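J.: what shape does this take:
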Amino acid sequence: MRIRLDSGPSEIGSDFHAPTEIISAQTTAELSPALARLDKARHDGFWLAGYTSYELGYLFEPGLLPRLPAQRRLPLLQFGVYDQPRQTALATGTAELSQFTPLWAPAA
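T.: Model prediction:
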C-alpha cells in the first residue's frame, strides 16, 4: 500500500510507502477491532494513511445499517501503519492530456 499526498507536515509532498502493518475492516464485526488497532498505532507514535469507504457511513446511522450492501468491492476501511512519511516535493513541469479512448461501448 502506497499513498502519495501533495502536501504534508513540512508543506511538501508526503510519500507513505512500505507500511509496517495494514489495518482493514471488511465486515461490521471487524470495524471495532480495526478502530482500536488504529487508535493504538496512533498512540504509539505511528503515522496512519488510508481511506474509509462511502459505505462505512451506513454503520454510524442505525436506520441505514440494514441497507448496508452485502457485496462491496472495497473494505469499509483500510489504513497503512507507517514509521513516518518520506517528505518529497512533487515533480514540476508541464502536463498534457491526450485523446481519450473509452474502454466500453456506448450501449454498455
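
J.: low-confidence ranges in this protein?
T.: 8-10 (pLDDT under 70).

J.: can you give me the strands for it?
T.: Counting by DSSP state E, the chain has strands at residues 3-5, 14-16, 21-25, 47-52, 77-82, 86-87.

J.: give me whichever of these is most buried.
T.: For those, average neighbour numbers computed from mean count of other C-beta atoms under 10 Å are highest in strand 77-82, which has a mean of 22. (Glycine included, C-beta is placed from N, CA and C.)

J.: gap between it and the chain center?
T.: 7 Å (C-alpha atoms, centre = their mean, to the nearest Å).

J.: show me what it is in contact with.
T.: 1, 3, 16-25, 31, 34, 38, 41, 46-53, 56 (C-beta atoms under 8 Å, 6 or more residues apart in numbering).

J.: what does stretch 28-38 give?
T.: 21, 23, 24, 25, 48, 56, 59, 65, 68, 76, 77, 79.

J.: in it, what counts as buried?
T.: By neighbour count on 16 or more other C-beta atoms under 10 Å, the buried set for stretch 28-38 is 31, 34, 37, 38.

J.: just those now: which is nearest residue 108?
T.: residue 31 (34.7 Å; C-beta to C-beta).

J.: quick check: the gap between residue 107 and residue 100.
T.: The gap separating residue 107 from residue 100 is 18 Å, by C-beta to C-beta, to the nearest Å.

J.: kind regards, and thank you for your time.
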